[in-house]
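J.: got a predicted model here, sequence first, then my questions.
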Amino acid sequence: MTRLALLFAMTAGLCTAADEALAPELPSAAPLADRAITDDGARVAVLGYHDLADNEPETAMRLHTSKFRQQMGTLRQLGITVISLEDFLAWKRGAKSIPEKSVLLTFDDGWKSVFTDALPILKEFGYPFTLYLYKNYIDGGKKALTSDMIQQLLQQGGALGSHSVSHPYPAAIKSHRNKGEHDFDAFLRKEMGESKRFIESKFATSVTTYAYPGGFVTEDMWPIADEFGYTALFTVIPGKIRRATPDKRLPRYMILGNYDKVFELATSFRESQSAPPASGLSLGTLAETTPYPVTPAAAAIINTRLPLISANLTGLTDCDPKTLVMKVAGFGEVPAQFDPDTQIFSWQVSRRLRQPACQVAVSWLDANGKAPDAPLRWSFQIDREAAYLPEGE
């Protein structure tokens, strides 16, 4: 990974990424087969898209169709091979070779524009693709794909994967988890199991891959994934995939309409991008948990060196606000302020951040004067190339 390799989908509220996924090195999560496979030198960048439109403003979730076509052309110009999901899975289990620089194209949710806008371009270039559908959005009207469109997409080189039943956001997942093991297990079985059964039955195709909604992952999902026959599960953590990358936490670059740097990073295959993160960040940093919404988002890349750092503690039920402390790397304890109305604890950075990465910790005491088992910790990165431009200030 490069200094930008912690890039996280900057789509808070729509593609929230609270990446609890990578709990520090969980050997049990990686099958022995994964660890035994020899690295063949091939790297895969998985690109994740959502909506396309030329007549609407670009957002994190929406890309101009013309830009999408340009990106597809760029892949060809760079000599990057677009592979099918079938070939990707065969390569991952060591049964097939692929080009050293490969890309897997994925589309989340089931937007109608995949059929109206993306398909003609994909056909033009002869690129295979994969749709990650969530059950409740299929035939949802307005901007949602219809069953007939999905059938046609399958006939035109598409593959299907599961994206859950209801596309639950992290808050909903955490709510079920807080209700206890039985409730959480039933919730996960419905979201991961029913979606798979529905797609397989309705479209007569096998579904063995899953895209975590919002990129939110917990270990509890992995045994259930095994039970339902999922062999590859994708996060929204950016990075290139090696043959031995753990199958339950596969990286993916979420392509943002309002931040072209993501596509540039995804299509750069310099070996340095697989090196350890810069500035003392470790794989454990990638695994950080954010039980409460924070800004900048955990593992996000920002283009300003003077960000507002905040934590929304609405869900924190036992906290003495007077004991809240925020520490920021390079500053130590900072004079953060707590707003009792919004429950947001925030600090405006007062001196430009100079390092490519910034770590934050928020701690507190409860009513009995007891500290939490672990403070709220997260980190983000600064796109220093952008930050040093006038608009990045």
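T.: Yep, it's here.
J.: for residue 52, give the beta-bridge partners.
T.: residue 63 (DSSP bridges).
J.: give the burial count for it, as a bare number.
T.: Neighbour count of residue 52, defined by other CB atoms under 10 Å: 25. For glycine as for every other residue, the C-beta is placed from the backbone atoms N, C-alpha and C.
J.: equivalent analysis for residue 340, please.
T.: Here the number of neighbours of residue 340 (other CB under 10 Å) works out to 7.
J.: list the contacts of it.
T.: By CB atoms under 8 Å, 6 or more residues apart in numbering, residue 340 lies in contact with residue 321.
J.: that one and residue 318, how far apart?
T.: Noted for residue 340: a distance of 15 Å to residue 318, by CB to CB, to the nearest Å.
J.: for residue 66, same thing?
T.: 52 Å.
J.: do the same with residue 197
T.: From residue 197 to residue 318 the distance is 40 Å (CB to CB).
J.: same question for residue 312.
T.: Residue 312 is 16 Å from residue 318, where distance means CB to CB.
J.: higher neighbour count, those two?
T.: Between residue 312 and residue 318, residue 312 has the larger neighbour count (other CB under 10 Å), namely 16 against 11.
J.: who does that one form a beta bridge with?
T.: As for beta bridges, residue 312 partners with residue 344 under DSSP bridges.
J.: shouldn't it be in contact with residue 297?
T.: No. Here residue 312 lies out of contact with residue 297, judged by CB atoms under 8 Å, at a distance of 11.5 Å.
J.: any common contacting residues for these two?
T.: Joint contacts of residue 312 and residue 297 (CB under 8 Å, 6+ apart) do not exist.
J.: show me the shaky parts of the stretch 251-393 of the chain.
T.: 271-290, 383-393 (pLDDT under 70).
J.: which residues in it form strands?
T.: Counting by DSSP state E, counting those that start in this stretch, one finds strands in the stretch 251-393 of the chain at the ranges 253-254, 294-295, 301-302, 308-312, 325-328, 332-334, 337-339, 344-348, 357-363, 376-382.
J.: got the phi/psi numbers for residue 160?
T.: phi -120, psi 140 (degrees, to the nearest 10).
J.: hey, where'd the strands end up in the stretch 101-250 of the chain?
T.: Using DSSP E, counting those that start in this stretch, the strands of the stretch 101-250 of the chain run over 101-109, 129-133, 158-162, 209-211, 232-234.
J.: can you name the next helix or strand after the longest helix seen in the chain?
T.: In the chain, with assignment by DSSP state H, the single longest helix is helix 65-77. Where DSSP states H and E defines the elements, the next helix or strand beyond helix 65-77 is strand 81-82.
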